[in-house]
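S.K.: I would like to see how this sequence folds:
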Amino acid sequence: MANLEFVCSFCGKEPREVVSVVNAVSVNVKGQQTAGTICNECVELCVQVIGLQKPEWLERHRQFVATLGK
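M.R.: Take a look at the predicted model:
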């Protein structure tokens with residue numbers, strides 16, 4: 001199998017440019033596979049945007065993040 005290197009679907013950065021890249025594959029209702037990739041920097045930006053739009057969500061997010069190291 002070829003060694004595939006994915007870039008972030010949002011910003012176009014390569015894995016060597018960021019801390020982490022997450023790849024996801026899903027199947028739509030027609031049975032077609034679709035793929036998306038997001039880097040840690042874009043995830044952080046998404047959290048900021050959601051936090052501005054829904055400030056009440058931030059505390060729940062902080063609680064979730066606190067459980068990850070346990």
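S.K.: Distance check, the most centrally placed residue in the chain against Val27.
M.R.: What sits nearest the mean C-alpha location of the chain, by Cα atoms, centre = their mean, is Ile38, with 4.2 Å. Remark: distance between Ile38 and Val27 (Cβ to Cβ, to the nearest Å) = 19 Å. Where you see a C-beta, it was placed from the backbone N, CA and C, and this is true even at glycine.
S.K.: Likewise for Cys11?
M.R.: Distance, Cys11 to Val27, using Cβ to Cβ: 25 Å.
S.K.: Look at the two and report which has more neighbours.
M.R.: Neighbours per residue (other Cβ atoms under 10 Å) separate Cys11 from Val27, with Cys11 holding more: 13 against 9.
S.K.: mind checking how far the more buried one is from Ser20?
M.R.: 13 Å.
S.K.: Equivalent analysis for Gln63, please.
M.R.: Taken as Cβ to Cβ, the span from Gln63 to Ser20 is 22 Å.
S.K.: can you check Gln53 too?
M.R.: Taken as Cβ to Cβ, the span from Gln53 to Ser20 is 24 Å.
S.K.: With Lys30 instead?
M.R.: Distance check for Lys30 against Ser20: by Cβ to Cβ, it reads 31 Å.
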